[in-house]
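Novice: Just to be clear, the model below is a prediction. Sequence and coordinates:
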Amino acid sequence: SVTLFGVVDASISGYSSTSRDLNGATFLNPFYVNKGSVKASRRELANGAYNSSRLGFRGTEDLGGGLAASFWLEAPITNDDGQTGVSTFARRSTVSLSGGFGELRLGRDYTATFWNDTVFDPFGTNGVGTNLIFTANAGFNAFNGTAATPVVGVPSVTGSNYVRTSNSIGYFLPPNLGGFYGQLQYAFSEKTKYSPGLATPDVANNSRQGRYVGGRFGYANGPLDVAIAYGSSTIGDQYYVGTTNKVNTLNLGASYDFGPVKLFGEVSRAKNKLDYETEPFLGGRPDIDLTGYLLGVTVPVGAGLIRASYSAVKYDNNQQEVLFQPRIADPKANKLAIGYVHNLSKRTALYATIARVSNKNGAALTVGGPSFVTSGGFTPKTSTGYDFGIRHAF
Amino acid sequence: SVTLFGVVDASISGYSSTSRDLNGATFLNPFYVNKGSVKASRRELANGAYNSSRLGFRGTEDLGGGLAASFWLEAPITNDDGQTGVSTFARRSTVSLSGGFGELRLGRDYTATFWNDTVFDPFGTNGVGTNLIFTANAGFNAFNGTAATPVVGVPSVTGSNYVRTSNSIGYFLPPNLGGFYGQLQYAFSEKTKYSPGLATPDVANNSRQGRYVGGRFGYANGPLDVAIAYGSSTIGDQYYVGTTNKVNTLNLGASYDFGPVKLFGEVSRAKNKLDYETEPFLGGRPDIDLTGYLLGVTVPVGAGLIRASYSAVKYDNNQQEVLFQPRIADPKANKLAIGYVHNLSKRTALYATIARVSNKNGAALTVGGPSFVTSGGFTPKTSTGYDFGIRHAF
Amino acid sequence: SVTLFGVVDASISGYSSTSRDLNGATFLNPFYVNKGSVKASRRELANGAYNSSRLGFRGTEDLGGGLAASFWLEAPITNDDGQTGVSTFARRSTVSLSGGFGELRLGRDYTATFWNDTVFDPFGTNGVGTNLIFTANAGFNAFNGTAATPVVGVPSVTGSNYVRTSNSIGYFLPPNLGGFYGQLQYAFSEKTKYSPGLATPDVANNSRQGRYVGGRFGYANGPLDVAIAYGSSTIGDQYYVGTTNKVNTLNLGASYDFGPVKLFGEVSRAKNKLDYETEPFLGGRPDIDLTGYLLGVTVPVGAGLIRASYSAVKYDNNQQEVLFQPRIADPKANKLAIGYVHNLSKRTALYATIARVSNKNGAALTVGGPSFVTSGGFTPKTSTGYDFGIRHAF
């Protein structure tokens, strides 16, 4: 008995990101003419702006004695262009054994640390309304390591363990603990280890890269849901250089349903660390800290739901003081998003969202769509966008 | 409630394309020895020679009040070698909202202009019997722009909007209009726009490439079905060069079922245009016109169906007259195809088709399989082929 | 009526391959210090260590009169990392017509010669327990030609016809022959043929590469099952060089179920041949012979099954004698595997397997996981591994 399920979500979406020339005439360059602003925009048929488009297969077998075996294979799909079918089960691919002891789950799954970023976001980290904690933490190179080389139509499962992790072993507490819930998760790096280590063949060895360790613990009862999560993701590991690059994340989220209004909140702290086997004489690369806040609200209106959120992030590059040189201000950004969902049925809904990101000090976060123009002396400022679409689940 | 459907169609198919050396001894080269002809042939297990092999998922939800939501995800598959599974939904991936007003359909779908080419072809644009209007219009570089770089096992959805278009918004008339039917379609180019335009980062900017606008209007009642379609597909757009390359298509098809015999016919006119922001002094590249005709017939014979068609295409390169230089004759080709389908049931059929293409003046259209040998002074002449296979639908 | 079926099999698996420095001080290099041994190891979440993970669609239509049409589309999946979804039907993709005459099957299917290697292996050629006949015959370059260039998440169907072959036509005897069964199989190379051959455009022409011809004939009745198979696979074919490279395989396997114990055995002989249109003056490349033996046993224990096997392979490079030069000993290897399967239900099982391969004279076969370190004067010796996992079928 296999259940076939899915979501097709399509929207007309527009994105617009404006950079500004912040330079003016100076003593050394008295005739500088400010170049004003430049805008990169795109309008498209997008997918998954309310719920991520997907197609999946799942099932459960009762093994008797309270034991059950189950599986879950879920593919991301791009129904706007049809390019991505069931080419991967990158969203989730797990096999589980569950019973009174809880659940043991093997395969690719969400990380323990991602849950708070999405569960306590009124926009569920989908569409232009997605909170900035997600946008900043998901950012490749800037925060989460190098993205995998893209292959047309084949979503890659490598490159970042921020949202999901492959090759993981998860343990979940059983559901009958009076509202308490929790999980522990370990993901193998699956890198070859050479012993003695000097036999390691390539200089750019990446042993342990891909490893993830995390956990989450929460309490949901009546109108209250609150959870804390911690995780450590190894995004780089160089044997010969003697460095290990990790992103450690701690976040706390909560929601409270007052009935006419539901409130959401989250605080997140992530640290991109570079550990040295031998600390360099002048100190190593400083850590990069990423702190984020989220405040959200949803208001049911008949068959509809109004959603709004404010989120803000701040990078701290922990720069060392240099004599006679002004300290460069750390990048930061904030975002306001508001939207409305109209349910035609349980499975089908129409929705509209608008959002605006304001960047400062070089932060370059967008609502989606094209990147800011940064060449030619332009600095990223505001990014705005909208989604107007339909979500159909089956 | 999801419906799983599909077609597995396999055939033993053979293709043979013969080029001829049309040169002879000349005044300048009196000892030239004609090289005769050279044949490129292949025999294979093919798929989709009667009906395109596919696997799909579709469903409809009744929303009440005459409204319905539906989805359709259909993958092309290659059951002869198993290389292409459900890696894409390149055949169709749409979500629809329908009601008394008609149907609004979002996603990847057939273009309005393609329908007449396939509906009024006795061979349904499948296998060696496929009509030449399709073959010539589908031709990459020669007519429809550059093909996407192939990725093993992942059908590409980019490169041409001749048959289907991604990121489209379609509107369909409701079915209860006394036989009249129709559709309008717009597909986003999804290219980034820079403002001011001079900020456009790459020289080979392709803004608006991929855009498609089209419509189709028809009448089907009793034995008669007739439809006209027009569409414009942007296949190239260079901001700095100031050129836009479009293919505009107009076609008209009809079929009439006399009972013992059903007749088919189509006329198609497509124009590959290069628009210049500033017209070059000596004139730009002339348009390439492609005109095609199709005449077809099917004859039911018990559980079987005899199918035959004659199609012809003619390119017009609109060359400018050059003094003292003979005008190069425009390429043209015609095709004869005949076949038989034997239905073992509604879902399963055996079939056989043979076909022959005759090329003139450099046209190089084949029935399928290997391309003509054109190097070494050879000119493409005839291409012949056969399909002998089984189609099973589920 | 489509049946959706599959297997999700996940295991914690470890592999360790140790190479040793077999060199010592010599007259020419009296101060050589032996470098000892070097180990390459990996621990991972693996898939398919008991049964290959898969997702498939199949169905049958009764056509009346004893005739039936059926299809089978089966995708390999990697549920440990989710990277491979239903991107291909590389495991099997066939359409069949069957009746009193037997079955005609078109598409991608197991080769006739592979069956004995897997049916008579207690470990079914899955996991670390896989017999060495499989490991050695599946070896690319070393025996079966060049592997296809990998594409992320898209299993390739080209490169070797050892396990399966694409574009094949198979005939199977009907099932009612008093225990006798059999099959014949032919797979098209699908390469373009040029006539005259000198028109062949590329020097590295590979016409006929990919062709497979084979058959299998057996008898299964009561406790006995015995089968013999022969096949010839063309792995290379160069028109201008005038060489054809084939692997010809003959194998014989049997099993006998005594009740408390079931015994398995197989003998396999494969020959990698290079045929020359014009035999080189000093003789061509000698054939490479690969001989393999397998002895296995399974013992049911309540809801469980103990499995054990011993397998051995020997390469014969058929080197020519060279005067005053010692003959290089031919590579060989043997393997011992033992495991236990505990059935929680018909569909769900827990399993554990351990295995050890011993290599001699340069053979480099592993139980899986990382390759031996061979650079720096190291010679492959032992490879050990374990699987500990769960298999859930649906």
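Specialist: Yes, it's here. Residues are numbered from 1 along each chain as shown, chains lettered A, B, ... in the order given.
Novice: going forward, measure contacts and count neighbours with C-alpha atoms only.
Specialist: Will do.
Novice: give me the element the residue of chain A found nearest chain C is part of.
Specialist: Using CA to the nearest CA, the closest approach of chain A to chain C is made by A:T88 at 3.7 Å. Taking DSSP states H and E as the definition, A:T88 sits outside all helices and strands.
Novice: who touches it in this structure?
Specialist: Shown here is A:T88, whose contacts under the criterion CA atoms under 8 Å, 6 or more residues apart in numbering or on different chains are A:75-76, A:154-155, B:87, C:82-87, C:153.
Novice: Could you rerun that using 6 Å?
Specialist: For A:T88, the set of contacting residues under the criterion of CA atoms under 6 Å, 6 or more residues apart in numbering or on different chains consists of A:75, C:82-85.
Novice: which one is it nearest to, not counting chain neighbours?
Specialist: Of all residues not flanking A:T88 in the chain, C:G85 sits nearest, at 3.7 Å (CA to CA, 6 or more residues apart in numbering or on different chains).
Novice: Can you give me the pLDDT of that neighbour?
Specialist: According to the per-residue confidence, C:G85 scores 97 in pLDDT.
Novice: for A:Q319, same thing?
Specialist: The model reports A:Q319 with a pLDDT of 81.
Novice: And it, how far from chain B?
Specialist: Computed as CA to the nearest CA, to the nearest Å, the A:Q319 to chain B distance reads 32 Å.
Novice: What is the neighbour count of that residue?
Specialist: Summarising burial for A:Q319: neighbours were counted as other CA atoms under 10 Å in any protein chain shown, giving 14.
Novice: Which residue, other than its chain neighbours, is closest to it?
Specialist: What sits nearest to A:Q319 in space, not counting adjacent residues and going by CA to CA, 6+ apart, is A:P286, at 6.8 Å.
Novice: Would you verify that that neighbour is located in a strand?
Specialist: No. Assessed with DSSP: H, G, I helix; E, B strand; the rest coil, A:P286 is coil; it does not lie in a strand.
Novice: Based on its surroundings, how many neighbours for it?
Specialist: The number of residues packed near A:P286 is 15, by other CA under 10 Å.
Novice: ditto for A:V341
Specialist: Per other CA under 10 Å, the neighbour tally for A:V341 reads 22.
Novice: Relative to A:L350, how far out is it?
Specialist: According to CA to CA, to the nearest Å, A:V341 stands 6 Å off from A:L350.
Novice: Assign the residue nearest to A:S160 when sequence neighbours are not counted to one of the three secondary structure states.
Specialist: Of all residues not flanking A:S160 in the chain, A:N144 sits nearest, at 6.1 Å (CA to CA, 6+ apart). Taken by three-state DSSP, the conformation at A:N144 corresponds to coil.
Novice: Neighbours of A:N144, how many?
Specialist: In terms of burial, A:N144 registers 23 neighbours under the definition other CA under 10 Å.
Novice: Next: A:G66.
Specialist: Residues contacting A:G66 under the criterion other CA under 10 Å number 10.
Novice: Then A:P201?
Specialist: Applying other CA under 10 Å, we find 11 residues neighbouring A:P201.
Novice: next one: A:L250
Specialist: Counted with other CA under 10 Å, residues neighbouring A:L250 total 20.
Novice: hmm, back to that, which pLDDT value goes with the residue nearest to A:S160?
Specialist: On pLDDT, A:N144 comes in at 93.
Novice: what does A:V203 give?
Specialist: Model confidence at A:V203, expressed as pLDDT, equals 64.
Novice: Likewise for A:G153?
Specialist: If you check A:G153, the pLDDT there is 94.
Novice: That one: what's it in contact with?
Specialist: With contacts taken as CA under 6 Å, 6+ apart, A:G153 has the following neighbours: A:83-84.
Novice: Any chance of the backbone angles for it?
Specialist: Recorded main-chain torsions at A:G153 are phi 80, psi 0, according to degrees, to the nearest 10.
Novice: how close does it get to B:N116?
Specialist: Summarising the geometry, the distance separating A:G153 from B:N116, computed by CA to CA, is 30 Å.
Novice: does A:R269 really touch A:D289, like I thought?
Specialist: No. The criterion here is CA atoms under 6 Å, and A:R269 misses it with A:D289 at 7.2 Å.
Novice: Alpha carbons only: can I get stretch A:371-387 in CSV?
Specialist: Listed in CSV are the C-alpha atoms of stretch A:371-387, where the atom choice follows Å, rounded to 0.1, in the frame of the first residue of the first chain:
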residue,chain,number,x,y,z
SER,A,371,21.2,39.1,-7.9
PHE,A,372,22.1,42.7,-7.3
VAL,A,373,24.4,44.4,-9.7
THR,A,374,27.6,45.0,-7.7
SER,A,375,30.2,45.7,-10.3
GLY,A,376,30.9,49.4,-11.3
GLY,A,377,30.8,50.7,-7.8
PHE,A,378,27.2,49.9,-7.0
THR,A,379,26.1,48.8,-3.5
PRO,A,380,23.0,46.6,-3.0
LYS,A,381,20.1,48.4,-1.4
THR,A,382,16.5,47.2,-1.7
SER,A,383,14.9,44.1,-3.2
THR,A,384,11.2,43.8,-3.7
GLY,A,385,9.0,41.1,-5.0
TYR,A,386,5.6,39.6,-5.3
ASP,A,387,3.9,36.2,-5.8
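Novice: Now do the strands in the stretch 201-350 of chain A.
Specialist: Taking DSSP state E, counting those that start in this stretch as the criterion, the stretch 201-350 of chain A contains strands spanning A:212-221, A:224-238, A:243-257, A:262-276, A:288-301, A:304-316, A:332-343, A:348-360.
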